[in-house]
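Undergrad: Pasting a predicted model and its sequence here:
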Amino acid sequence: MAYNYYPNYFQTTPFFSNNLQMPQNASNLASNASPATNSGIIWVQGENAAKAYPVASGQSILLMDSEDSVMYIKSTDQSGMPQPLRVFDYSERKSPNKESKLSSTSIEYVPRKEFESFRDSIQEAINSFRKPSGKDGEG
């Protein structure tokens, strides 16, 4: 009796039937694999790791530094040649309170009487410079 060294992954039923068998090893690998959780953020450890991160030809990716408040944009041209690594610092933007925003942009008006008295005092000061200072009218 000849021994078959190649495992039979499929049953002898027609190819288009639903009675296909999965290989034993592949089913074990699928059950042992950890669930893929992709947050959409690529984390690297420092600028050297960002420089070493592979990027496909003609693509740009955003890399976040896990050790510092820095992000990197790594790009390659169509031939796959890496472009200079762009480095950006980031910090949290605090939203201002509505009260402080209103107080900083509010305009204070001067009452009309106070403005007119100030204007008159300025006009008197200007007129005093124009008048001759001597006794006989010569300046």
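TA: That came through fine.
Undergrad: C-alpha only now, for contacts and for neighbours.
TA: OK.
Undergrad: Can I get whichever helix in the chain runs longest in CSV, CA atoms only?
TA: Ranked by residue count under DSSP state H, the longest helix found in the chain is helix 112-130. Extracted C-alpha coordinates of helix 112-130, given in CSV (Å, rounded to 0.1, in the frame of the first residue of the first chain):
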residue,chain,number,x,y,z
ARG,A,112,-20.8,111.5,25.3
LYS,A,113,-20.3,114.1,28.1
GLU,A,114,-17.0,112.5,29.2
PHE,A,115,-15.8,112.4,25.6
GLU,A,116,-16.7,116.1,25.0
SER,A,117,-15.0,117.2,28.2
PHE,A,118,-11.8,115.3,27.2
ARG,A,119,-12.0,116.7,23.7
ASP,A,120,-12.3,120.3,25.1
SER,A,121,-9.3,119.8,27.4
ILE,A,122,-7.2,118.5,24.5
GLN,A,123,-8.3,121.5,22.3
GLU,A,124,-7.3,123.9,25.1
ALA,A,125,-3.9,122.3,25.4
ILE,A,126,-3.4,122.6,21.7
ASN,A,127,-4.5,126.3,21.7
SER,A,128,-2.1,127.1,24.6
PHE,A,129,0.8,126.0,22.4
ARG,A,130,-0.3,128.3,19.6
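Undergrad: where do the strands sit along the protein?
TA: Secondary structure of the chain by DSSP state E: the strands cover 42-44, 60-65, 70-75, 86-89.
Undergrad: which one of the ones you listed is the most hemmed in?
TA: A comparison of the strands of the chain by mean neighbour count, using mean count of other C-alpha atoms under 10 Å, puts strand 70-75 on top with a mean of 20.
Undergrad: quick one: that one to strand 60-65, angle?
TA: On the basis of axes from the mean of the first three to the mean of the last three C-alpha atoms, to 10 degrees, strand 70-75 is oriented at 160 degrees to strand 60-65.
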